[in-house]
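In: Output the structure for:
(one chain, ligands or ions: 2)
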Amino acid sequence: MTLLTARDLRLSYGGTPVLRGVSLSLAPGEVVCLIGPSGGGKSTLLRLLSGQERPDAGEVLLDGAPAELPRLRREVGLVFQSFHLFPHLDVMENVTLAPRVLGLGDGPALAARARALLEKVGVGPELHGRRPAGLSGGQQQRVAIARALALEPRAILYDEPTSALDPERTADVLYLIRARAAEGIAQAVVTHDLPFARALRARTVHLEAGEVAGDAPDLLETPRDERTRRFLRARLP
Ligand SMILES: Nc1ncnc2c1ncn2[C@@H]1O[C@H](COP(=O)(O)OP(=O)(O)O)[C@@H](O)[C@H]1O
Ligand SMILES: [Mg+2]
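Out: Ligands and ions are numbered 1, 2, ... in the order given. Here you go, the predicted structure:
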């Protein structure tokens, strides 16, 4: 059973191919770790999978059927490295904005739901009235995850979720990802942090030069492709 599928995605920018036929699928509750050199197309792939952008060719499928961009945007959440919270809105407003715009409930219902989500990710009520600038990186990341959850996504994609965090906060991200997996949410995590990738204990996909060079549960321990071996060798002590 696959929830979210990339089928032979191709995309070029100004004639330069960035994705050259990428296929990938995610099952409910599955976590996939995406690794690869900078410029390999990881962020681009996340944008296509979350309906932020359309491929030149190929398709993104939900439950095995092609999905239009609005549906992807609604059902596939995206969490960025630098959180991308709205700086002029407080924590509650950040979490309730999208569901309010989409008319998913009245004010009190949305606020109650936002409080529950913030509690779930460990953001206490004393922070609800603060703007992002008044929060630590780890707190902003939690708010960004609560905001993604507010649309009840079936999949969440994270673009380098630990790279702006102190090392001790990395374990929190791991915990939050595991908790979402237990809820059946499919997740893909782009990271260049190999210890974090190992700690995820997830199926790992190596994307290089717009192609999948490897996709295996034990890719980090037993890389089969020479490109993966080279990539890992250059990054391991
Ligand atoms: N909007 C864009 N316009 C032009 N080129 C882009 C755009 N987005 C990404 N690229 C190019 O596509 C390639 C892949 O980028 P990206 O998906 O960000 O890779 P990664 O996340 O793996 O580092 C890079 O060469 C980048 O410069
Ligand atoms: Mg990137």
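In: quick one: secondary structure of residue 233?
Out: Applying DSSP: H, G, I helix; E, B strand; the rest coil to residue 233 yields a three-state assignment of helix.
In: Can you give the distance from stretch 6-14 to the centre of its chain?
Out: Centre-to-centre, stretch 6-14 and its host chain are 19 Å apart (C-alpha atoms, centre = their mean, to the nearest Å).
In: So which bits of the protein are right by ligand 2?
Out: 42-43 (C-beta under 5 Å from the ion). Every residue, glycine included, has its C-beta placed from N, CA and C.
In: How about the residues of the chain by ligand 1?
Out: Along the chain, the residues adjacent to ligand 1 under the rule C-beta under 6 Å from any ligand atom are 13, 18, 36, 38-44.
In: filter those residues to the buried ones?
Out: Neighbour-count burial (16 or more other C-beta atoms under 10 Å) is assigned, among the residues of the chain next to ligand 1, to 18, 36, 40-44.
In: Just flag the most distant two among the residues of the chain next to ligand 1.
Out: Farthest-apart pair in the residues of the chain next to ligand 1 is 13 and 36; separation 17.4 Å (C-beta to C-beta).
In: can you pull the contacts of the residue lying farthest from the centre of the chain?
Out: Relative to the centre of the chain, the most outlying C-alpha is that of residue 108, 28.6 Å out, by C-alpha atoms, centre = their mean. Residues near residue 108 by C-beta atoms under 8 Å, 6 or more residues apart in numbering: none.
In: What is the subsequent helix or strand relative to whichever strand or helix holds it?
Out: When secondary structure is defined by DSSP states H and E, residue 108 falls within helix 107-120. Read in the C-terminal direction, the helix or strand following helix 107-120 is helix 137-149, with elements assigned using DSSP H and E.
In: Now do that following helix: which elements does it pack against?
Out: Helix 137-149 sits against strand 76-79, helix 91-101, helix 107-120, strand 155-159, helix 170-182, with contacts defined as 3 or more C-beta pairs under 8 Å, 6 or more residues apart in numbering; DSSP states H and E.
In: same thing but 7 Å
Out: Using 3 or more C-beta pairs under 7 Å, 6 or more residues apart in numbering; DSSP states H and E as the contact criterion, the neighbours of helix 137-149 among helices and strands are strand 76-79, helix 91-101, helix 107-120, helix 170-182.
In: can you put the ones you listed in CSV and add mean pLDDT and distance to residue 58?
Out: Converted to CSV, these look like this (pLDDT from 0 to 100; distance: least, C-beta to C-beta, whole Å):
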stretch, mean pLDDT, distance to residue 58
strand 76-79, 93, 16
helix 91-101, 94, 27
helix 107-120, 94, 33
helix 170-182, 91, 26
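In: And the ones you listed: which comes nearest residue 211?
Out: Shortest distance between residue 211 and those, using C-beta to C-beta, is found for strand 76-79: 22.2 Å.
In: What residues of that closest one count as buried?
Out: 76-79.
In: go on, stretch 89-104?
Out: In terms of neighbour count (16+ other C-beta under 10 Å), stretch 89-104 has its buried residues at 90-100, 104.
In: for stretch 157-170, same thing?
Out: By neighbour count, and taking 16+ other C-beta under 10 Å as the criterion, the buried residues in stretch 157-170 are 157-162, 165, 169-170.
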